[in-house]
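1. Here's a sequence, model it:
(one chain, ligands or ions: 2)
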Amino acid sequence: MNRKLTATRNPQLKISQNELRFFTETIDVGRISPLAFFEAGDSSYKDERFYWQNADKTLTLVGIGHATVLTSNSVNNRFTHISTGWKKLCAALIKEEKDMEPVLFGGFSFDPKNKKESEWNSFPSAHFVVPSFQLTIKNGRTSISINLVTETDDAMKEFDRLRDERDRLIHIAQVEEFDVLSKPEVIWVEEVEKAQYMHAVADVTKKINNGEAEKVVIARSVKLNFEQKVPAVIALQHISNEQQESYHFGLQKEGQLFFGATPERLIEIANGRAYSSCVAGSSKRGKSAAEDRELGKELLEDHKNKEEHQYVVDMISQVFQTFCSDVEIPKVPKLMKIRDIQHLITPIEGQLERGIDIFRLIEALHPTPALGGVPREVSMEIIRNEENMDRGYYAAPIGWTDTSGDGEFAVAIRSALLDGATAYLYAGGGIVADSEPDKEYEETWVKFRPIMRALGGKLNG
Ligand SMILES: C=C(O[C@@H]1C=C(C(=O)O)C=C[C@H]1O)C(=O)O
Ligand SMILES: [Mg+2]
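-> Ligands and ions are numbered 1, 2, ... in the order given. Here you go, the predicted model:
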């Protein structure tokens with residue numbers, strides 16, 4: 001890197017002033033707790049951190065600071081806008097073999113056409129960052145990269161400053177004891193617009209029976225108020241402990257933290273192959289192994305849940321048939337069992353056509369009928385009218401891509417927006433012709449459980 005930075009000053013290389021350059025430099029570090037590293041950035045980078053761990057724990061990413069931010073408030077162009085911005089950055093990358101791929105991490109809002117005033121006002125329709133400091137734990141290797149996006153000629157000085165700062169962050173993360181932190185203290189719980197939610201489910205069921213739509217996902221929110229401001233690291237530590245088998249994510253912006261533990265993969269691209277999972281249809285877990293098996297068996301055979309599921313399989317299959325060859329779709333769903341809930345799941349994979357990037361696939365997939373409905377536009381309009389809230393980044397894609405084109409996005413459910421001493425939790429369910437408001441209401445409580453537990457709230461049922 002020293003060499004490269006110096007070389008860029010060499011006029012023979014014909015790098016003109018004000019040309020965009022994207023430097024990266026990776027060092028390997030010994031054992032370091034990703035949350036301790038996240039916490040090391042607390043005083044100087046409070047609003048500029050992210051956290052990610054995939055479901056099988058083969059990849060952990062922590063980002064601190066912003067090398068650059070890609071953002072969009074567009075309704076129709078947000079996916080291409082981010083994709084184009086990222087391609088431009090990738091073309092400017094200066095990297096050696098030993099360096100990790102720098103990542104772009106962020107998310108999209110569920111519905112940019114929803115203009116309701118809400119707790120989400122500081123989140124644009126797309127928000128992505130390249131972190132200044134990137135912790136990556138992958139294939140047994142733990143490393144920290146510095147990323148620098150610059151147009152100035154004198155990147156050397158800035159890079160030296162970043163190296164000092166990196167060493168300071170590593171030092172704090174390695175020396176500080178990092179124990180289990182105590183859970184926050186909830187002082188009151190508010191079910192936001194419960195009556196509106198019950199009414200919406202009944203109304204949507206009617207609409208479906210009238211043939212206006214086939215499936216629509218309706219969600220609601222629960223607000224928690226705490227004794228004190230809840231630090232981001234507490235929320236992340238407990239959600240990671242409470243629901244192990246999921247994607248864990250956290251994204252900070254302007255004093256808020258959007259975080260969660262979702263079981264649902266939207267899309268993964270690895271070495272040119274694409275993977276998605278249809279997750280829809282739910283049942284609680286049994287109190288004994290026998291009851292649990294029984295509930296699972298019922299779920300696999302239940303007409304209403306199978307219908308909820310099939311709409312998702314049909315739609316994701318169609319997207320894969322469009323963009324991939326060699327598509328594999330199992331004929332029947334399996335059970336996905338996580339701590340509080342079991343779902344029907346159908347994994348789908350295929351060989352991605354050349355030239356299709358992850359943002360193109362996200363654009364085609366979002367929202368799947370697991371979170372939107374069928375038909376897509378009609379169900380979005382119904383959701384906009386029936387839900388008296390803005391979903392913000394809940395139920396929307398969140399994840400990363402790297403400079404090689406690999407990446408993974410989850411669907412940000414089982415999630416909450418933490419805002420100082422308040423948290424907004426979100427959960428919903430797929431409404432089809434024979435849905436019943438009381439049962440759907442119960443199902444949302446099961447879906448609230450992991451976040452409730454992580455935040456020290458009382459569990460219902
Ligand atoms: C809407 C949510 O989850 C979705 C709805 C499901 C259902 O209704 O059975 C199951 C999994 C997800 O596709 C949520 O968790 O908030
Ligand atoms: Mg359901």
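2. does L61 really touch E101, like I thought?
-> No. Judged on CB atoms under 8 Å, L61 makes no contact with E101 at a distance of 10.8 Å. (C-beta placed from N, C-alpha, C; glycine too.)
3. For the stretch 51-200 of the chain, which segments count as strands?
-> Here the stretch 51-200 of the chain has its strands, by DSSP state E, counting those that start in this stretch, at 59-72, 93-94, 103-108, 126-138, 141-150, 186-192.
4. What mean pLDDT does the shortest one get?
-> If you average the pLDDT over strand 93-94, you get 96.
5. One more: the last one?
-> Mean pLDDT, taken over the full extent of strand 186-192, equals 95.
6. quick revisit: mind checking the strands of the stretch 51-200 of the chain for the one nearest to ligand 1?
-> strand 186-192 (14.2 Å; CB to the nearest ligand atom).
7. which regions of this structure sit below the pLDDT cut-off?
-> For the chain, the stretches with pLDDT under 70 are 1-17, 461.
8. For ligand 2, what is the nearest residue in it?
-> Nearest to ligand 2, among the residues of the chain, is G429, at 4.0 Å (CB to the ion).
9. Parallel or antiparallel, list what pairs with the helix or strand where that residue lies.
-> Using DSSP states H and E, G429 sits within strand 422-431. In the sheet, strand 422-431 lines up against strand 215-226 (antiparallel), strand 415-419 (antiparallel) (DSSP bridges).
10. Domains in the protein, by residue range?
-> For the chain, automatic domain parsing gives the domain ranges 2-175, 186-454.
11. Adding mean neighbour count and distance to N460 as columns, could you present these in JSON lines?
-> Compiled in JSON lines, the domains of the chain are given as follows (neighbours: other CB atoms under 10 Å; distance: least, CB to CB, whole Å):
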{"stretch": "domain 2-175", "mean neighbour count": "18", "distance to N460": "22"}
{"stretch": "domain 186-454", "mean neighbour count": "20", "distance to N460": "4"}
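12. Show the contacting residues for the closest residue to T422 other than its chain neighbours.
-> Once flanking residues are discounted, T422 sits nearest to N225: 5.6 Å by CB to CB, 6 or more residues apart in numbering. Listed by CB atoms under 8 Å, 6 or more residues apart in numbering, the contact set of N225 reads V186, I187, W188, V189, E190, A421, T422.
13. before we move on, back to that, save the strands paired with strand 422-431 as JSON lines, and put in distance to V319 too.
-> Shown next, in JSON lines, are the strands paired with strand 422-431 (distance: least, CB to CB, whole Å):
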{"stretch": "strand 215-226", "distance to V319": "17"}
{"stretch": "strand 415-419", "distance to V319": "23"}
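14. Out of these, flag the one nearest C90.
-> Counting by CB to CB, C90 lies closest to strand 415-419 out of the strands paired with strand 422-431; the figure is 29.0 Å.
15. three-state assignment of the residue nearest the centre of the chain?
-> Nearest residue to the geometric centre of the chain (CA atoms, centre = their mean): I398, 2.8 Å. Secondary structure state of I398, per DSSP: H, G, I helix; E, B strand; the rest coil, is strand.
16. residues contacting V62?
-> P34, F37, F38, R49, F50, Y51, W52, Q134, L135.
17. Which members of those residues are the farthest-apart pair?
-> Longest span within those, CB to CB: F37 and W52, 12.7 Å.
18. Any chance of the backbone angles for the closest residue to G456 other than its chain neighbours?
-> Nearest residue to G456, sequence neighbours excluded (CB to CB, 6+ apart): K183, at 3.6 Å. When read as degrees, to the nearest 10, the backbone of K183 gives phi -70, psi 150.
19. hang on, the earlier thing: so the residue of the chain closest to ligand 2 sits against E440, correct?
-> Yes. G429 is within contact range of E440, at 4.9 Å (criterion: CB under 8 Å).
20. shared neighbours of the two, which are they?
-> I218.
21. residues in contact with the nearest residue to K207 once chain neighbours are set aside?
-> Nearest non-adjacent residue to K207, counting by CB to CB, 6+ apart: A213, 6.0 Å away. Applying CB under 8 Å, 6+ apart to A213 gives the contacts V204, K207, G373, V374, P375, V378, S379, I382.
22. Now compare those residues and name the two farthest from each other.
-> Maximum distance among the contacts of A213 (CB to CB): 13.8 Å, for V204 and P375.
23. Write out the residues of this protein neighbouring ligand 2.
-> Within the chain, the residues that sit near ligand 2 (CB under 5 Å from the ion) are S282, G429, G430.
24. Turn those into CSV, columns for distance to ligand 1.
-> Formatted as CSV, those follow (distance: CB to the nearest ligand atom, whole Å):
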residue, distance to ligand 1
S282, 4
G429, 3
G430, 4
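25. what does the stretch 201-350 of the chain put close to ligand 1?
-> The stretch 201-350 of the chain comes close to ligand 1 at residues V217, A219, E264, V279, A280, G281, S282, E308, H343, as judged by CB under 6 Å from any ligand atom.
26. what sits opposite the closest residue to E119 other than its chain neighbours in the beta ladder?
-> Nearest non-adjacent residue to E119, counting by CB to CB, 6+ apart: Y424, 5.3 Å away. Taking DSSP bridges as the rule, Y424 bridges to K223, L417.
27. Let me see the contact set for Y424.
-> E119, V192, S221, V222, K223, A416, L417.
28. Next one: the residue nearest to T422 from E190, what distance?
-> 8 Å (CB to CB, to the nearest Å).
29. go on, W120?
-> Distance from W120 to E190, by CB to CB: 17 Å.
30. Grab the CA positions of stretch 451-460 and hand them over as CSV.
-> Extracted in CSV, the C-alpha atoms of stretch 451-460 (Å, rounded to 0.1, in the frame of the first residue of the first chain):
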residue,chain,number,x,y,z
ILE,A,451,-36.5,-9.2,19.8
MET,A,452,-38.7,-8.9,22.9
ARG,A,453,-36.5,-11.3,24.8
ALA,A,454,-33.3,-9.5,23.6
LEU,A,455,-34.6,-6.2,24.8
GLY,A,456,-35.8,-7.5,28.2
GLY,A,457,-39.5,-7.4,27.4
LYS,A,458,-42.1,-9.7,28.7
LEU,A,459,-43.2,-12.5,26.4
ASN,A,460,-46.8,-13.1,25.5
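31. That concludes my questions; thank you for your assistance.
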